[in-house]
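1. Give the three-dimensional model of this entry:
(2 chains)
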Protein chains: 2
Amino acid sequence: MVSHPYVPQDLVLEDYVPVSLAQSTIVGVYGIASVLVASFIWLISGRCAKLSKMERLIMCWWAFTGLTHMVLEGYFVFSPEFYKDKTGNFLAEVWKEYSKGDSRYAGRDAGIVTIEGLTAVIEGPACLLAVFAIAKRKYYSDLLQISISLGQLYGTAAYFVMSILQGDNFAMSPFYYYSYYIFANSFWVWIPSLIVIRSWKIISAAVASHQAPAQKKNKTR
Amino acid sequence: MVSHPYVPQDLVLEDYVPVSLAQSTIVGVYGIASVLVASFIWLISGRCAKLSKMERLIMCWWAFTGLTHMVLEGYFVFSPEFYKDKTGNFLAEVWKEYSKGDSRYAGRDAGIVTIEGLTAVIEGPACLLAVFAIAKRKYYSDLLQISISLGQLYGTAAYFVMSILQGDNFAMSPFYYYSYYIFANSFWVWIPSLIVIRSWKIISAAVASHQAPAQKKNKTR
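-> Residues are numbered from 1 along each chain as shown, chains lettered A, B, ... in the order given. The predicted structure follows:
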């Protein structure tokens, strides 16, 4: 007797209430909200003449990923019974839908809740601090961006490795496997990687030019 | 019918072979080996007149923790059946003994294997690179130390959070809980925290002094 659509079928989800919104609605609302957030940051940051387009683009990313961590993932972490939701709560619908690609969310796997918890509670607010730090050209801006990006990379790596160790059989179909589990998560692999490389270069240049005069001074002594 | 001493008793470990070495031997060999590694690094690094005592102390830590990650934790990651070992292999004995404080190791919990895998394969070699980077005063030394330390802190946080979510009932007795699970792991909380603070300050000072002349130049224009 299976009362839910998820894989594996022996997953027990008592009082499961099926997803009520269409997939296009769920993905569409998240997509439009993300575009609105990014547009808002792009426009506001354009008023700072000092910021380059790349810096403004990266601020959009930090605002988008920070709000995703805090709102979407934060809801998941603190709503163990989202799959029983009858009210059509959008956030519950998101996770009912995403669980089609990874049922460990509905099944409340301890490893998933742990990674999502650290991401929502620590990394989420840190991402919003990064938006501020870039805008204000704080000296810790690139260090903060490297720190958060490495945390995101660690979380995503642990997410995929755990799944492989557990048998990698949590998606309803190849469509959900590749679109939700692989494609959607891939953004948190390549974007943090690019940011680590960029900020690493910026800091290295600063440290190298800080060391250079010191070494010169030592040599002339 | 319980064939092993671990908690919870319903953990199934077929063909379990009891630990054969005394606790004092296991802890003693690990302790002496660690002291030898640290002493070796301390003596060698003393030949570099440029290194401060604090830098040499931190090099000892990186050598100790790197070898612990690669040898001890690396063995665990790639030896799923260590609890069946009959040969008295020291590394198998270590994990049989440590499982008294956290049976998820013997039980091969996917989250534990994932964290230990990332630690052994990525962080382990990076720690040895940090020893080299400090000795050679590489420009990336402090960035690398922050990156590894944050990874260690992420891993330790995930380790404890997962345990709490799983019921925090994996130790044979309060003695093993506090000595193995809490005390032994605490070193990977406070030492990485101190290193993050130290290296963060060093990099911040370099970035700030790099920014300062640039800002001055802008103002005079």
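
2. before we move on, which element is residue A:106 in?
-> Using DSSP states H and E, residue A:106 sits within no helix or strand.

3. residues from chain A in reach of chain B?
-> Within chain A, the positions adjacent to chain B are A:110-111, A:113-115, A:117-118, A:137, A:139-140, A:142-143, A:146-147, A:150-151, A:154-155, A:157-158, A:161-162, A:165-166, A:200, A:203-211 by C-beta under 8 Å from any C-beta of the partner chain. From N, CA and C alone the C-beta is placed, and that goes for glycine too.

4. again, only using 7 Å
-> Contact residues, chain A versus chain B (C-beta under 7 Å from any C-beta of the partner chain): A:110-111, A:113-115, A:117-118, A:139-140, A:143, A:147, A:150-151, A:154, A:157-158, A:161-162, A:165-166, A:200, A:203-204, A:206-211.

5. just the helices in chain A please.
-> A:23-46, A:53-67, A:74-77, A:90-98, A:110-118, A:124-135, A:141-165, A:174-176, A:185-220 (DSSP state H).

6. Could you say which of these is packed most deeply?
-> helix A:110-118 (a mean of 23; mean count of other C-beta atoms under 10 Å in any protein chain shown).

7. so where is chain A shaky, pLDDT-wise?
-> Applying pLDDT under 70 to chain A flags residues A:1-2, A:213-221.

8. swap the cut-off to 50 and go again
-> A:220-221 (pLDDT under 50).

9. is it possible to export the helices of chain A to TSV including distance to residue B:187?
-> Below are the helices of chain A laid out as TSV (distance: least, C-beta to C-beta, whole Å):
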stretch	distance to residue B:187
helix A:23-46	41
helix A:53-67	32
helix A:74-77	28
helix A:90-98	37
helix A:110-118	20
helix A:124-135	25
helix A:141-165	20
helix A:174-176	42
helix A:185-220	27
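
10. out of those, nearest to residue B:70?
-> Across the helices of chain A, residue B:70 has its closest neighbour in helix A:141-165 (17.8 Å, C-beta to C-beta).

11. So what touches the closest one?
-> Around helix A:141-165, the neighbours that count as contacts under C-beta atoms under 7 Å, 6 or more residues apart in numbering or on different chains are A:111, A:115, A:118-119, A:123, A:126-127, A:129-130, A:133-134, A:170, A:185, A:188-189, A:192-193, A:195-196, A:199-200, A:202-203, B:110-111, B:113-115, B:117-118, B:147, B:150-151, B:154, B:200, B:203.

12. swap in stretch A:190-201?
-> For stretch A:190-201, contacts defined as C-beta under 7 Å, 6+ apart pick out A:58, A:61, A:142, A:145, A:146, A:149, A:150, A:152, A:153, B:143.
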